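Trainee: When you get a sec, could you give me coordinates for this:
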Amino acid sequence: MKEFERLCVNVVNDFEIPNEKRKALRVLLNSCFPDYFPQREYFKQIPKFRYLVWDEEKLIAQMGVEDRVINVGGDIVRIFGVIDLCVEDCYRSNNIATNLLRMLENLGQQNGIEFIILFANDHKLYLKNGYKIVTNICRWLAIDELKSVDIFEQPLTDCFMVKSLSPKPWNDGIVDLLGYLF
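Mentor: Residues are numbered from 1 along each chain as shown. Okay, here's the model as predicted:
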């Protein structure tokens, strides 16, 4: 926690990120997700806003956030979606990612967000922070190389995770993301 307190965290709308900071964002994302971000700082679509973590002038972590409603078994719920949470290698194991998740949870609780959802291959960090793997069938707009290509519907039981921020229970029905898979 002490390490995190000395860092500078900016919460910024993606469109407000200056060009000189975008280069640092591309470098970080390419370092953490090799071959996913050719010449851009998003994979499928631009997040609504981001948490950017700086150690002086060096960008060391980021978390993109989607803010939308989704349909879960006929219930419309408001969610935050975590996009491409990453921390530079040499800064890992300092609770930076955990602190970013907590900041997002606090923001969501203060603003009526019912759930945080994400898609992750490595579950350890998220399980440690109270996220649960869910087995819903998901429906989403498939995007490939910046083109809408299809509507997919399938279970994502190996990567779909949810954390409740409200008393509302998570429904077992089909999850229609009403947009792209982030």
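
Trainee: how distant is the helix or strand bottoming out on mean pLDDT in the chain from the center of its chain?
Mentor: Least confident element among the helices and strands of the chain, by mean pLDDT, DSSP states H and E: helix 2-5 (a mean of 70). Remark: helix 2-5 is offset 22 Å from the chain centroid, using C-alpha atoms, centre = their mean, to the nearest Å.

Trainee: how about that helix: buried residues?
Mentor: Within helix 2-5, the residues that qualify as buried are Phe4, counting by 16 or more other C-beta atoms under 10 Å. Where C-beta positions appear, they are placed from N, C-alpha and C, glycine not excepted.

Trainee: Run through who's touching that helix.
Mentor: The list of residues contacting helix 2-5 from outside it, by C-beta atoms under 8 Å, 6 or more residues apart in numbering, reads 94-96, 99.

Trainee: In this structure Asp150 contacts Ala142, no?
Mentor: Yes. Using C-beta atoms under 8 Å, Asp150 is in contact with Ala142, at 4.5 Å.

Trainee: out of these two, which sits in the busier spot?
Mentor: Ala142 (13 against 10; other C-beta atoms under 10 Å).

Trainee: what's next to the helix or strand containing the more buried one, contact-wise?
Mentor: Using DSSP states H and E, Ala142 sits in strand 137-144. Applying C-beta under 8 Å, 6+ apart, the external contacts of strand 137-144 come out as 44-45, 148-156, 160, 174-177, 179-181.

Trainee: Buried only: go through the residues you listed for me.
Mentor: Using 16+ other C-beta under 10 Å, the buried ones in the contacts of strand 137-144 are 44-45, 156, 160, 175-177, 179-181.

Trainee: Dump those to a markdown table, plus secondary structure.
Mentor: Output for those, formatted as a markdown table (DSSP: H, G, I helix; E, B strand; the rest coil):
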| residue | secondary structure |
| --- | --- |
| Lys44 | coil |
| Gln45 | coil |
| Leu156 | coil |
| Phe160 | strand |
| Val175 | strand |
| Asp176 | strand |
| Leu177 | strand |
| Gly179 | strand |
| Tyr180 | strand |
| Leu181 | coil |
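
Trainee: That'll do, ta.
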